[in-house]
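> After the sequence you'll find the predicted model.
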Amino acid sequence: MTAFITSFYMFRLWYMTFFGDYRGAEQDAHGSHGHESHGHGEPHESPMVMLVPLMILALLSLFGGFVGWGNHFEHFLAPVFGTGEPAAEGATSITEWLLMGVSVAVALSGWWLAYLLYYKRQDLPQKIADALGGFYQTVVHKYYIDELYAVLFVKPLVEGSTSILWQDVDRKIIDAAVNDSADGARRVSDEVRHMQSGNIRSYAGWIAAGSAAVIAFMIWMGVGR
C-alpha cells in the first residue's frame, strides 16, 4: 500500500508540474508577476549548488540497488532476523522474485492511476471529488482535526489570555497597582509641597504645631508610666 501511494503521488506531482497548462498564466495576465508579488519569479532552473546534490541522490537511487548484486549483503542482518534453519536456495529465489514482481506491479499501478487522472483524463479528479461529496470534503479538511483542535484548545487559550491575563490581571491589577502608586505618591507630594510656601508665619505655625505634638506625646508617655 505504501509503495502504491508513493508511486501515485510522486507521478501526480510529476504530471501536475511538467504537463498540462501553465498555472501561472492567470496571474501573468493581470500584469502581476511572481517576482514582484511573491518573490518566485518565472519558472527557472535551480542553481548548481542545489542541482548537484539532487544529481548525486538521483544516481544513488538509480544504481544504489546494484550494490547488493551478487548477494554481498545477503547475510548482513541474519543474526538479527534469523529464526531457524535457512530456507532452501530455490524457495528463497522464488520468494524474492515473487516479492520483486509484486512491488514492481504495485508501483506501476500507482503510476498508471496518476497517468490516468492527471494526464489522460484531467477532468476525472474533479468528477470523483463531486461524486464523493461530504466524504471528500472531510478528507480534504483532514477530518476537521485542525478545526476541532482550534475550537477546543487554541480559541479558549487565546480568549482566556486576552480577557483574563491581559485585561484583568495585567491591566486591572498589575498596571493599576503601578499607576495608582504613582498617582498616590503624586497627590501626597502635592500636599506636602505646600508646607514649603516661603511664608515665615506659616513656618512658625508648623513649628508651634510640631512642638505641641511633641509635648503632648511626652506628657502621654509620662502619664502612662
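The structure has been received and is ready for your questions.

> Can you pull out the low-pLDDT segments for this protein?
24-41, 65, 67-79, 81-92, 194-198, 223-225 (pLDDT under 70).

> rerun at 90
Within the chain, the ranges that satisfy pLDDT under 90 run 1, 3, 16-46, 58-100, 117-144, 146-147, 150-210, 213-225.

> quick one, domains of it?
Here the domain parsing of the chain from automatic domain parsing is 1-20+92-140, 144-195.

> Tell me the span between the first and last residue of the longest one.
Between the opening and closing residues of domain 1-20+92-140 there is a gap of 20 Å (C-alpha to C-alpha, to the nearest Å).

> From the chain's centroid, how far away is that domain?
28 Å (C-alpha atoms, centre = their mean, to the nearest Å).

> Looking at the domains of the chain, which one is packed in the most?
Stretch with highest mean neighbour count among the domains of the chain: domain 1-20+92-140 (a mean of 13; mean count of other C-beta atoms under 10 Å). The C-beta positions use only the backbone N, C-alpha and C, and glycine is treated the same way.

> and the residue most central in space within the chain, what does it touch?
Centroid-nearest residue in the chain, with C-alpha atoms, centre = their mean: residue 146, separated by 11.8 Å. Shown in contact with residue 146 (C-beta atoms under 8 Å, 6 or more residues apart in numbering): no residues.

> Show me what whichever strand or helix holds residue 104 is packed against.
Assigned by DSSP states H and E, residue 104 belongs to helix 89-115. Counting contacts by 3 or more C-beta pairs under 8 Å, 6 or more residues apart in numbering; DSSP states H and E, helix 89-115 is packed against helix 2-18.

> For the helix it packs on, C-alpha coordinates in PDB please.
In PDB, the C-alpha atoms belonging to helix 2-18 read as follows (Å, rounded to 0.1, in the frame of the first residue of the first chain):
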ATOM      1  CA  THR A   2       2.800   2.400   0.800                       C
ATOM      2  CA  ALA A   3       4.600   1.600  -2.500                       C
ATOM      3  CA  PHE A   4       1.400   2.200  -4.400                       C
ATOM      4  CA  ILE A   5       0.600   5.500  -2.700                       C
ATOM      5  CA  THR A   6       4.300   6.700  -3.000                       C
ATOM      6  CA  SER A   7       4.300   5.900  -6.700                       C
ATOM      7  CA  PHE A   8       0.900   7.600  -7.200                       C
ATOM      8  CA  TYR A   9       1.600  10.900  -5.500                       C
ATOM      9  CA  MET A  10       5.100  11.200  -7.000                       C
ATOM     10  CA  PHE A  11       3.800  10.700 -10.500                       C
ATOM     11  CA  ARG A  12       0.900  13.000  -9.700                       C
ATOM     12  CA  LEU A  13       3.500  15.600  -8.700                       C
ATOM     13  CA  TRP A  14       5.400  15.000 -12.000                       C
ATOM     14  CA  TYR A  15       2.300  15.300 -14.200                       C
ATOM     15  CA  MET A  16       0.900  18.400 -12.500                       C
ATOM     16  CA  THR A  17       4.300  20.200 -12.600                       C
ATOM     17  CA  PHE A  18       5.600  19.400 -16.100                       C
END
